[in-house]
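>>> sequence? don't have it. structure:
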């Protein structure tokens with residue numbers, strides 16, 4: 001049996017099979033025992049360093065069938081990490097092939113904030129994927145794959161980085177399916193090499209904890225997204241950030257501290273100033289809801305010293321001008337008390 005036949009069998013038979021008992025069901029046994037071998041046998045050595053995982057049923061049928069291709073270095077389970085995944089629509093008519101994520105561990109760790117973190121991770125994965133459109137992939141985050149309203153599944157789909165939709169009646173040949181898989185794995189490997197999402201969603205540092213502890217739910221979400229965005233560009237596009245620092249002469253745009261004048265060219269490095277993303281907190285919240293990424297042009301950043309950078313976060317990320325006005329007022333009040 002080839003890939004085309006296997007995918008058609010799962011897509012067309014799964015909706016009816018779900019209405020029967022799971023135990024001893026022939027399709028469930030076929031998916032669990034045969035599908036991984038069929039995929040491996042039909043793709044040659046393409047999947048030598050990857051692991052094929054299939055939908056597992058914890059006593060009950062899953063609402064949709066899925067097949068995951070994962071790099072064991074990223075994750076050996078569909079519960080965590082990110083990976084290429086085939087998701088079979090509940091109505092049996094279509095299959096979505098996408099770069100998706102495991103959400104079980106995220107829900108367990110972050111609870112109420114899990115949904116926004118998943119969506120933000122999807123944006124990070126998309127940013128790191130390069131020009132996926134040249135391979136025929138597109139944004140599929142608004143796709144509906146279940147018949148009934150399933151908020152959990154909808155959030156998962158919304159968090160996908162990109163993908164494509166196959167029509168089961170006009171399912172491509174094995175040659176095209178395998179080429180799509182090769183292209184997806186090429187992008188997947190690129191994202192893995194860039195660190196995936198690990199450097200963005202690490203445990204919060206002390207500064208993050210101090211900043212967010214007194215904020216309400218939506219404010220916490222906004223500030224965390226803001227911080228994650230800054231960390232992402234500092235670590236994945238250092239040339240862009242370095243260019244900005246040089247353009248502003250390594251001078252804090254809030255307090256005008258010039259590192260060269262104060263400290264000299266210590267070790268020939270003048271990069272101790274930091275990049276701050278300029279976006280109002282209210283706008284970040286809107287962008288989270290709309291699954292939009294923050295801007296990454298020069299106009300979207302300000303160069304600040306470490307102290308001003310931390311303080312602007314504490315003030316809730318006002319505009320640069322508002323922040324400068326605030327610190328002038330604070331300094332004036334301080335002098336009056338002296």
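In hand now; what should we look at? As the structure is a prediction and not an experimental result, all values here were calculated from the model.
>>> contacts and neighbour counts: CA atoms only from here.
OK.
>>> I figured residue 244 hits residue 299, correct?
No. Using Cα atoms under 8 Å, residue 244 is not in contact with residue 299; the gap is 9.9 Å.
>>> These two: which is more packed in?
residue 244 (20 against 10; other Cα atoms under 10 Å).
>>> residues touching that one, list them.
298, 303 (Cα atoms under 8 Å, 6 or more residues apart in numbering).
>>> one more time with 10 Å
With contact set as Cα atoms under 10 Å, 6 or more residues apart in numbering, residue 244 has these partners: 238, 250, 274, 275, 297, 298, 299, 301, 302, 303.
>>> Of these, just the buried ones, ChimeraX syntax please.
Only the buried entries of these go into this ChimeraX selection, using 16 or more other Cα atoms under 10 Å:
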select :250,274,275,301,302,303
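>>> Same list (the contacts of residue 244) but as a markdown table, adding pLDDT.
As requested, these are exported to a markdown table (pLDDT from 0 to 100):
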| residue | pLDDT |
| --- | --- |
| 238 | 64 |
| 250 | 83 |
| 274 | 82 |
| 275 | 80 |
| 297 | 71 |
| 298 | 76 |
| 299 | 77 |
| 301 | 82 |
| 302 | 86 |
| 303 | 88 |
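>>> From the contacts of residue 244, pick the one nearest residue 170.
Set against residue 170, the nearest of the contacts of residue 244 by Cα to Cα is residue 297 (41.7 Å).
>>> domain assignment for this structure?
Using automatic domain parsing, the domains assigned to the chain come out as 3-193, 206-337.
>>> and the residue most central in space within the chain, what element?
With distances taken as Cα atoms, centre = their mean, the residue of the chain nearest its centroid is residue 121 (1.9 Å). Following DSSP states H and E, one finds residue 121 within helix 114-128.
>>> on that earlier part again, just the ones of the contacts of residue 244 in strands?
274, 275, 301, 302, 303 (DSSP state E).
>>> and the helix or strand hosting residue 181 with helix 114-128, angle?
Counting by DSSP H and E, the element that carries residue 181 is helix 174-193. Put simply, helix 174-193 runs at 100 degrees to helix 114-128, going by axes from the mean of the first three to the mean of the last three Cα atoms, to 10 degrees.
>>> which helices and strands sit right next to helix 174-193?
In terms of contacts (3 or more Cα pairs under 10 Å, 6 or more residues apart in numbering; DSSP states H and E), helix 174-193 is packed against helix 3-17, helix 35-42, strand 66-70, strand 82-88, strand 94-101, helix 114-128, strand 163-167.
>>> which helices and strands sit right next to the second one?
The reference is to helix 35-42. With contacts taken as 3+ Cα pairs under 10 Å, 6+ apart, helix 35-42 sits against helix 3-17, helix 26-33, strand 51-54, strand 66-70, helix 174-193.
>>> repeat for the last one
Strand 163-167 makes packing contacts with strand 82-88, strand 94-101, helix 174-193 when contacts are defined by 3+ Cα pairs under 10 Å, 6+ apart.
>>> Turn these into a markdown table, columns for distance to residue 143, mean neighbour count and mean pLDDT.
Below are these laid out as a markdown table (distance: least, Cα to Cα, whole Å; neighbours: other Cα atoms under 10 Å; pLDDT from 0 to 100):
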| stretch | distance to residue 143 | mean neighbour count | mean pLDDT |
| --- | --- | --- | --- |
| strand 82-88 | 11 | 26 | 94 |
| strand 94-101 | 9 | 25 | 93 |
| helix 174-193 | 19 | 17 | 93 |
